[in-house]
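J.: no sequence on this one, just coordinates:
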Ligand SMILES: NC(=O)c1ccc[n+]([C@@H]2O[C@H](COP(=O)([O-])OP(=O)(O)OC[C@H]3O[C@@H](n4cnc5c(N)ncnc54)[C@H](OP(=O)(O)O)[C@@H]3O)[C@@H](O)[C@H]2O)c1
């Protein structure tokens, strides 16, 4: 594997499971020094390729502040930020069924956490004249009814913010892009599969097929893998993507049916 990120200082949020774990592994394999964060330490401990793990709840400002400071202290600067942490814990329902708490929780983690971290870290990148930021959003931004509405709306807002930030930071040499995964089988999705299977009286495969059908089908005929998303992100944060900024990359096996 090319060591094209050798010595680059990277923060990947939510890097202990699923897509984030794969991103951490991929960036480290390319030579990056990686700090990651999650609320809890993984059961198996932190892999050797992680330079520092910071336990924090990113849905609070205290959490994002502590992660930003620990990252700068550990790495002595910052070149790459991948905002991967995100989730929904609201169950499906019509838009008006979500209460104040559902909306606050969805916005705090999926929108405000990246905004708060960027507020601290992007000026460091601008000051040095280089850097790369990736916001992991979701195809739910174009398919609002494919996920609980607070989550879909928070991800859509993150897309909008990301595009605006990209235009502002480009003159300073900081690139900002967004990646929209489709149905990727991760730790988070395993819980969804189990809940769906229990509700439908079927097994995980039955639940998987039902979710794929609810999305309108996946033309490539299968769900995605975390490593496939990590590969795209490793490209975007590298110098191979040196003229790409403000761009949106859908990685969904063809799920989104529109242009
Ligand atoms: N999987 C999909 O099909 C899919 C589709 C579209 C978009 N996405 C997006 O892709 C990203 C990764 O999804 P995933 O499926 O890989 O998720 P996942 O398997 O549930 O992993 C989420 C990671 O984020 C951490 N995390 C969750 N809440 C946190 C909080 N409040 N503070 C700090 N860390 C937190 C988790 O660790 P702790 O639980 O220990 O905090 C974990 O490391 C998310 O932004 C998600 O919205 C995923």
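T.: The structure has been received and is ready for your questions. Please read these numbers as outputs of a predicted model, since none were measured by experiment. Residues are numbered from 1 along each chain as shown.
J.: Okay, buried residues for stretch 241-259 please.
T.: By neighbour count with 16 or more other Cβ atoms under 10 Å, stretch 241-259 contains the buried residues 241, 245-247, 249-253, 255-256. All C-beta atoms are positioned from the backbone trio N, CA, C, and that covers glycine.
J.: should've said stretch 138-145
T.: 138-143.
J.: same question, stretch 69-79
T.: By neighbour count on 16+ other Cβ under 10 Å, the buried set for stretch 69-79 is 70-72, 75, 78-79.
J.: what do you get for stretch 84-94?
T.: Buried residues in stretch 84-94, counted by 16+ other Cβ under 10 Å: 84-88, 90.
J.: Repeat that for stretch 96-104.
T.: For stretch 96-104, the neighbour count (16+ other Cβ under 10 Å) marks 98, 102-103 as buried.
J.: Could you single out the nearest of those to the ligand?
T.: Using Cβ to the nearest ligand atom, residue 102 comes nearest to the ligand of these, at 14.6 Å.
J.: Okay, and which of the buried residues of stretch 69-79 map to helices?
T.: Judged by DSSP state H, the subset of the buried residues of stretch 69-79 located in helices is 70-72, 75.
J.: which one among the residues you listed gets closest to residue 155?
T.: Checking those against residue 155 by Cβ to Cβ gives residue 71 as the nearest, at 23.5 Å.
J.: any idea how far the ligand is from that closest one?
T.: Look at residue 71 and the ligand: by Cβ to the nearest ligand atom, to the nearest Å, they are 13 Å apart.
J.: Model confidence for that residue, exactly?
T.: Per-residue pLDDT puts residue 71 at 98.
J.: Touching, it and residue 35? I think so.
T.: Yes: if you go by Cβ atoms under 8 Å, residue 71 and residue 35 touch, sitting 4.8 Å apart.
J.: who touches both of these two?
T.: Listed as contacting both residue 71 and residue 35 by Cβ atoms under 8 Å, 6 or more residues apart in numbering are 11, 52, 54.
J.: Sweet, I'm off.
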